[in-house]
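Visitor: Quick one: sequence and predicted model below, then my questions.
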Amino acid sequence: MDKDTFFDKVYEVVRQVPAGRVTSYGAIAEFLGMKGSARMVGYAMNVCRSASPPVPAHRVVNRNGLLSGKHHFPTPELMEQMLESEGVAVEEDQVVDFKKLFWHPAQELQV
DNA sequence: GCAATGACTGGAG
DNA sequence: CCTCCAGCCATTG
């Protein structure tokens, strides 16, 4: 409780990601003012299993749009399954039109 | 308190 | 084009 840690901030941002959109670790890190510490974002995702409420980590991919963390899901196929279910095409463990579906935290939250 | 780790990124070779 | 290296910073042991 009172987990005002960096992780909770990451969770909030990820939860703001609308379905059908994807974002990158660096984008979140940058939004939190920690550009360069994208590793922390990924690390936070690792803890997202213990986080509440659950975080749609499947909407978070690396800067290449690659489902780098799919192996960390209950099942590796679940990640792309979720993305496709939301309208995000996934091919070769990679998000199709990633840059087109890219979601900028500050950009959307600014509205 | 120190050392190791990590679902990343960007630059250099 | 592909691979390797170093930086980043918070969490955990």
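Guide: That came through, no problem.

Visitor: quick one: what helix or strand has the residue nearest to A:Asn62 when sequence neighbours are not counted in it?
Guide: With Cβ to Cβ, 6 or more residues apart in numbering as the criterion, A:Asn62 has its nearest non-adjacent residue at 4.4 Å, and that residue is A:Ser68. Bear in mind the C-beta positions are built from the backbone N, C-alpha and C, glycine included. Under the criterion DSSP states H and E, no helix or strand holds A:Ser68.

Visitor: wait, what's in contact with A:Ser68?
Guide: Counting by Cβ atoms under 8 Å, 6 or more residues apart in numbering, A:Ser68 touches A:42, A:61-62.

Visitor: quick one: stretch A:24-41 to chain centroid distance?
Guide: Using Cα atoms, centre = their mean, to the nearest Å, the mean C-alpha position of stretch A:24-41 is found 11 Å from that of the whole chain.

Visitor: number of nearby residues for the residue lying closest to A:Gly20 once chain neighbours are set aside?
Guide: For A:Gly20, ignoring the flanking residues on the chain, the nearest one in space by Cβ to Cβ, 6+ apart is A:Gly87 at 4.2 Å. Other residues within reach of A:Gly87, judged by other Cβ atoms under 10 Å, total 10.

Visitor: For chain A, what lies in contact range of DNA strand B?
Guide: When proximity is defined by Cβ under 7 Å from any atom of the strand, chain A lies next to DNA strand B at A:24-26, A:36-43, A:45-46, A:48-49, A:57-58, A:60, A:62-64, A:68-73.

Visitor: phi, psi of the spatially most central residue of chain A?
Guide: In chain A, the C-alpha nearest the mean C-alpha coordinate belongs to A:Val60, at 1.9 Å (Cα atoms, centre = their mean). Its backbone dihedrals place A:Val60 at phi -110, psi 120, with angles given as degrees, to the nearest 10.

Visitor: give the contact list for it.
Guide: Counting by Cβ under 8 Å, 6+ apart, A:Val60 touches A:14, A:17, A:22-25, A:28, A:41, A:45, A:69.
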